[in-house]
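Have a look at this prediction, sequence included:
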Amino acid sequence: MSANITVEVSSFLQHLTSPDRAIAMEASTPDEAMVRLAARFPQLHGILLNEAGRVRGGSVVLFVNSIQSEMIPGGMQAKLQDGDELTVVTPISGG
């Protein structure tokens, strides 16, 4: 069963979801939320998902209610609840 959630993208990605930074949607897991976000904003597809349609590890960091998804039981397959907030961050590195 899908939950009503909000996905917030980092300011680095906001130009791809403009004018929205916070996107309301329904999803049952963080993984499903990322797939739905990429479907809604095709310009995010290559950033969020790999060629197999799975969330890119290392390229995207996802927080569920301010906790990194890797730290919650179930990770990307954890069951979301109504009102959950997901935040998508793309790490920036360089030297």
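Here it is on my side, so go on. Numbers count the residues shown, from 1 in each chain.

C-alpha from now on. contacts and neighbour counts both.
Fine.

So Met76: helix, strand or coil?
helix (DSSP: H, G, I helix; E, B strand; the rest coil).

my guess is it meets Ser28, correct?
No - the pair Met76 and Ser28 fails to qualify as a contact (Cα atoms under 8 Å) at a distance of 10.3 Å.

For Gln81, which non-adjacent residue is spatially closest?
Ala3 (5.2 Å; Cα to Cα, 6 or more residues apart in numbering).

One more: Ser10?
In space, Ser10 is closest to Val89, 5.3 Å off (Cα to Cα, 6+ apart).

looking at the sheet around that neighbour, what are its partners?
Listed beta-bridge partners, Val89: Val61 (assigned using DSSP bridges).

For it, give me its contacts.
9-10, 60-62 (Cα atoms under 8 Å, 6 or more residues apart in numbering).

what's in contact with stretch 59-70?
30, 47-48, 75-76, 84-91.

Please repeat the previous calculation with a cut-off of 7 Å.
Contacts of stretch 59-70 with the rest of the structure, by Cα atoms under 7 Å, 6 or more residues apart in numbering, involve 48, 75-76, 84-91.
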